[in-house]
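J.: this is a predicted model, with the sequence first.
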Amino acid sequence: MKFARSQKGLSMLSWLVVLTVVAFLASTSFKVLPHYLDFFSLQKIITSVETEKALNISSPGEFFSHVERGLMVNNIRDLDLRKVLEVRMENNEFYAHLKYEKREPLIENLDLVVHFDREYRVRAP
């Protein structure tokens, strides 16, 4: 009976290990989360061409300028849009291929890499 009463939780070393693991996971997620938020914003900008009829976008050049304005509004400044987005138009539809990757340093020579590769079919208004 006395043995069971003396074990009432984690030891100090166990708490340090748990705290270290939680801190590592939090640090990793704080480094990756902004890239995903930027991707979701970019995705919303691209798909908004179809839903906002008042824009009257009818060429790939107008499509690029719309996306560039959206990047500026959302304060996404670290993407070269001409390198990461390919737009072609076929049968009154835009085909936009978004492909890029972001690297974030983790520990010394280890990096976190997020790779985004998505194709969108957006109908022109």
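T.: Yep, it's here.
J.: for the spatially most central residue of the chain, helix, strand, or coil?
T.: Geometric centre of the chain, nearest residue: residue 36, 2.0 Å, by Cα atoms, centre = their mean. Three-state call for residue 36 (DSSP: H, G, I helix; E, B strand; the rest coil): helix.
J.: which ones are touching it?
T.: Contact analysis of residue 36 by Cβ atoms under 8 Å, 6 or more residues apart in numbering lists residue 114. (C-beta placed from N, C-alpha, C; glycine too.)
J.: for the protein, which residues score under the pLDDT cut-off?
T.: Residue ranges of the chain with pLDDT under 70: 1-7.
J.: now do the strands in it.
T.: Ranges of strands in the chain, per DSSP state E, are 85-90, 93-107, 110-123.
J.: among those strands, which comes closest to residue 53?
T.: Closest approach to residue 53 among these (Cβ to Cβ): strand 110-123, 10.4 Å.
J.: can you list the buried residues in stretch 107-121?
T.: 114, 116, 120 (16 or more other Cβ atoms under 10 Å).
J.: my bad, should have said stretch 95-106
T.: 96, 98, 100, 102.
J.: what do you get for stretch 62-79?
T.: 62-64, 66-67, 70-71, 76, 79.
J.: send the alpha carbons of it over as CSV?
T.: Output in CSV follows, covering the C-alpha atoms of stretch 62-79 (Å, rounded to 0.1, in the frame of the first residue of the first chain):
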residue,chain,number,x,y,z
GLU,A,62,-5.6,40.4,-65.8
PHE,A,63,-5.6,37.2,-63.7
PHE,A,64,-2.0,37.9,-62.7
SER,A,65,-2.7,41.5,-61.8
HIS,A,66,-5.7,40.4,-59.7
VAL,A,67,-3.6,37.9,-57.8
GLU,A,68,-0.8,40.4,-57.3
ARG,A,69,-3.2,42.9,-55.8
GLY,A,70,-4.5,40.2,-53.5
LEU,A,71,-0.9,39.4,-52.4
MET,A,72,-0.3,43.0,-51.7
VAL,A,73,-3.5,43.3,-49.6
ASN,A,74,-2.7,40.1,-47.6
ASN,A,75,0.9,41.3,-47.1
ILE,A,76,2.4,38.2,-48.8
ARG,A,77,5.7,39.7,-50.1
ASP,A,78,8.1,36.8,-50.3
LEU,A,79,6.7,35.1,-53.4
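J.: right, I'll call it a day here.
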